[in-house]
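1. Sequence and predicted structure below; questions after.
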Amino acid sequence: MKKIVVLFLVLLSFNSFSQSHLILDDGVTLSFDVNGYVYDLGHYTPLNRLTAKGGQFLVEDTNVLVTVDENGLLHRKYEILPKQFISKGMNYFINEKDELFAIDQMGIVHLYEEQEKLKGMNKFGGNYIFTENDEFHFINRNGEMITQPLEGIKTDDILILGGQYFMTVRGGVFTVSRDGKIIDHQQERIGVIAKKGGNFFIDSFGILYTVAQDGSLKIPMLPQGLNTTSIIKLGSNYLIDLEGRLFTVDLEGQVWERWTDYDLRDVKVTSLK
């Protein structure tokens, strides 16, 4: 496997993938850090130039890559990017040559060329990929890809893929920890995943579940007034309701209400793929 670092930014280190972004109707771009705080750093994204997006990145005009680091800072770089993505997640995208571009927690992008292990990939999650031969590829917080065989699960049985979790055809839920460990939650009574975020989901019973960085699945205490039936927009680590109220999920799976100076009913682009 050949690995090339194509972007370099030096910042402090945390341990999760929860950083993300949203774009308002007028192009104002807000960002989120791993603790669920929201920032207005004066960034603007022309909506007519947006060509691709993922959990912690944006692409403008196919050659401007904007990444979000764990501190919520946005970084713009002019790069030679793929003309076509065959798939993308929260912290990676893949071109037609099966080359993987992985984004780490500092906003650095790592290019993996001639990646034979990715041949036969057919199911894509937020920070993981499944292949036809029942292999699991996990992109960690350092932008490294870890490959391991699936144990007790078949790729064909996986029905719903989210950010840091997935559900099988039998309704079993599995989460993915920050270190790429798959954790089995099949014994828990969970409805069908109905609304998907990055580190959270809402099931068919209207229950909000969050995924902590260790892979534990939680039913968190909700801020006053948060009704899961009123959630209309979901991002990698945030939710917006009908009234424009903003709620974020931190790396420990806690839910917080946050405030901005903007009317978030005007959100045009969320960070989900």
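-> Received the coordinates, thanks.
2. pLDDT below threshold where in the stretch 51-200 of the chain?
-> 79-80, 114-115, 117 (pLDDT under 70).
3. just so I have it, where are all the helices in it?
-> Assigned by DSSP state H, counting those that start in this stretch, the helices in the stretch 51-200 of the chain number zero.
4. give the contact list for the residue most central in space within the chain.
-> Centroid-nearest residue in the chain, with CA atoms, centre = their mean: Met90, separated by 3.2 Å. Each residue near Met90 by CB atoms under 8 Å, 6 or more residues apart in numbering is listed here: Phe17, Ser20, Gly54, Gly55, Gln56, Gly126, Asn127, Gly163, Gly198, Ser236, Ser271, Lys273. In short, each C-beta sits where N, CA and C put it, glycine included.
5. Okay, and which of those map to strands?
-> Ser20, Gly54 (DSSP state E).
6. would you turn the contacts of Met90 into CSV with distance to Glu144 and neighbour count?
-> Output for the contacts of Met90, formatted as CSV (distance: CB to CB, whole Å; neighbours: other CB atoms under 10 Å):
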residue, distance to Glu144, neighbour count
Phe17, 13, 31
Ser20, 21, 31
Gly54, 17, 26
Gly55, 17, 29
Gln56, 16, 31
Gly126, 16, 28
Asn127, 11, 26
Gly163, 18, 32
Gly198, 19, 32
Ser236, 20, 30
Ser271, 22, 27
Lys273, 20, 21
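7. that older thread, and the residue nearest to the centre of the chain, what are its phi and psi?
-> Main-chain torsions, Met90, degrees, to the nearest 10: phi -80, psi -40.
8. what's the spacing between the nearest residue to Gly180 once chain neighbours are set aside and Ile146?
-> Distances taken as CB to CB, 6 or more residues apart in numbering place Phe138 nearest to Gly180, at 3.5 Å, with adjacent residues excluded. Distance, Phe138 to Ile146, by CB to CB, to the nearest Å: 5 Å.
9. Quickly list what's touching both of the two.
-> Between them, Phe138 and Ile146 share the contacting residues Gly180, judged by CB under 8 Å, 6+ apart.
10. These two - which one has more neighbours?
-> Taking neighbours as other CB atoms under 10 Å, Phe138 and Ile146 compare with Phe138 leading, 20 against 14.
11. Who is the more buried one paired with across the strands?
-> Counting by DSSP bridges, Phe138 forms beta bridges with Tyr128, Ile146.
12. now do Val64
-> Residues in beta-bridge contact with Val64 (DSSP bridges): Glu60, Tyr78.
13. Return the member of the contacts of Met90 nearest to Gly107.
-> Closest approach to Gly107 among the contacts of Met90 (CB to CB): Gln56, at 7.9 Å.
14. Roughly how far does the closest residue to that closest one other than its chain neighbours sit from Leu47?
-> Distances taken as CB to CB, 6+ apart place Val68 nearest to Gln56, at 4.5 Å, with adjacent residues excluded. Note on Val68: its distance to Leu47, by CB to CB, is 18 Å.
15. Number of residues surrounding the closest residue to Gly225 other than its chain neighbours?
-> Leaving aside its sequence neighbours, Gly225 sits nearest to Arg245 (CB to CB, 6+ apart; 7.2 Å). Counted by other CB under 10 Å, the residues lying close to Arg245 total 19.
16. and if you look at Asp98?
-> 17.
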